[in-house]
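Student: Based on what follows, work out the 3D shape:
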Amino acid sequence: MYPAVPRPGIVMSVLYARQIMAERMPGDLLVIGDDQAGNLICLGLGGSRLGQVYRWDHELEHLGERALTFLAPTLDAFLLDVSVEA
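Tutor: Next comes the predicted model:
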């Protein structure tokens, strides 16, 4: 998970990711982290995606919406799932 704003020694933050990805992915998604393979973990900010968690596959970017994979219905559910796998 990314911090909200940059910190010493941390390259990516939520605000920075939002700025650099604005043209590349749907506007109703907020990047909150990555999977260490270049794919982004995103939180839905509105519409039918509100509160849901998705993975955006950077290798499928050219497919638009099909680059998204649903991960969890809520951030809490996603975090529980991640903590169980760890």
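
Student: And for Met12, the neighbour number?
Tutor: Counted with other Cβ atoms under 10 Å, the neighbours of Met12 add up to 15. (Each C-beta comes from the backbone N, C-alpha and C, glycine too.)

Student: For Ala37, see how far away it is.
Tutor: Computed as Cβ to Cβ, to the nearest Å, the Met12 to Ala37 distance reads 14 Å.

Student: same deal with His58?
Tutor: Counting by Cβ to Cβ - His58 and Ala37 are separated by 8 Å.

Student: Would you mind telling me which of the two has the busier surroundings?
Tutor: Counted by other Cβ under 10 Å, His58 and Ala37 do not tie: His58 has more neighbours, with 16 against 9.

Student: residues contacting the more buried one?
Tutor: Gly38, Asn39, Leu40, Ala67 (Cβ atoms under 8 Å, 6 or more residues apart in numbering).

Student: so how far is Gly27 from it?
Tutor: Taking Cβ to Cβ as the measure, His58 falls 17 Å from Gly27.

Student: low-confidence ranges in this structure?
Tutor: Of all residues in the chain, those with pLDDT under 70 make up the ranges 3-11, 84-86.

Student: quick one, longest helix in it?
Tutor: The helix spanning the most residues in the chain, taking DSSP state H as the definition, is helix 75-85.

Student: which strands and helices sit next to it?
Tutor: Other elements packing on helix 75-85 under the criterion 3 or more Cβ pairs under 8 Å, 6 or more residues apart in numbering; DSSP states H and E are strand 53-56, strand 68-72.

Student: so how far is that helix off the chain centroid?
Tutor: Computed by Cα atoms, centre = their mean, to the nearest Å, the separation of helix 75-85 from the middle of its chain amounts to 14 Å.

Student: which stretch of helix or strand covers the residue most central in space within the chain?
Tutor: The centre of the chain sits closest to Cys42, judged by Cα atoms, centre = their mean, with a distance of 2.0 Å. With elements taken from DSSP states H and E, the one containing Cys42 is strand 40-44.

Student: Just give the strands next to that strand in its sheet, each with its orientation.
Tutor: Neighbouring strands of strand 40-44 in its sheet, by DSSP bridges, are strand 29-34 (antiparallel), strand 53-56 (antiparallel).
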